[in-house]
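>>> Sequence and predicted structure, then a few things I'm wondering about:
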Amino acid sequence: MRLIQLLGYAGLLPFIGLTFLQLWPQLLAFTPPFPAFQSYSQIILAFMSGVLWPVLYQQSERFFPVWVVSFALVGWFSGSLVPSQQLLVLAAAFVALRWFEIRQGSQLTYSPAYTRLRNHLTIVVVTCHLLYWSSL
């Protein structure tokens, strides 16, 4: 579990770093491009929803994996929106994904430590999206 926690929290570094640089651009000679934040967000959203696919497929009599793919598609679709809209859609998608995981609680066998990790990661990611959005 320690490695999973380490990798999970390390995965926050691009979100935190790019948000920090967006809020204080004077720290660099250039402003980091929005596509770096947006594409990283889309990749992580797709990864997190993809992780659920085999878990739900094996444990469900209903075909929930179809719903899981929708989170990745929402992330991909957000690329067609203006940056302020993209950030809000992506933030909402991360919240919806976590809500979906919680609603499937009886099917997901998350340990208490992993549940805490997922909650922490979602809170930080959504906060970064909202801070970035507020700076536009």
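Nice, I can see it.

>>> Look at G105 and give its secondary structure.
coil (DSSP: H, G, I helix; E, B strand; the rest coil).

>>> How many residues are close by it?
For G105, the count of nearby residues is 10 (other CB atoms under 10 Å). From N, CA and C alone the C-beta is placed, and that goes for glycine too.

>>> again with V51
V51, neighbours per other CB under 10 Å, totals 12.

>>> quick one: it from L97, how far?
V51 is 10 Å from L97, where distance means CB to CB, to the nearest Å.

>>> How far away from the center of its chain is stretch 29-36?
20 Å (CA atoms, centre = their mean, to the nearest Å).

>>> same deal with stretch 103-114?
18 Å.

>>> First-to-last residue distance for that stretch?
One end of stretch 103-114 to the other measures 16 Å (CA to CA, to the nearest Å).

>>> Give me the mean pLDDT for that stretch.
Average pLDDT, stretch 103-114: 81.

>>> same deal with stretch 80-87?
97.

>>> Renumber starting at 53 from here on
With 53 as the first residue, the last one maps to stretch 132-139.

>>> Just the residues contacting that stretch, thanks.
86, 90, 130-131, 141, 181-182, 184-185, 188 (CB atoms under 8 Å, 6 or more residues apart in numbering).
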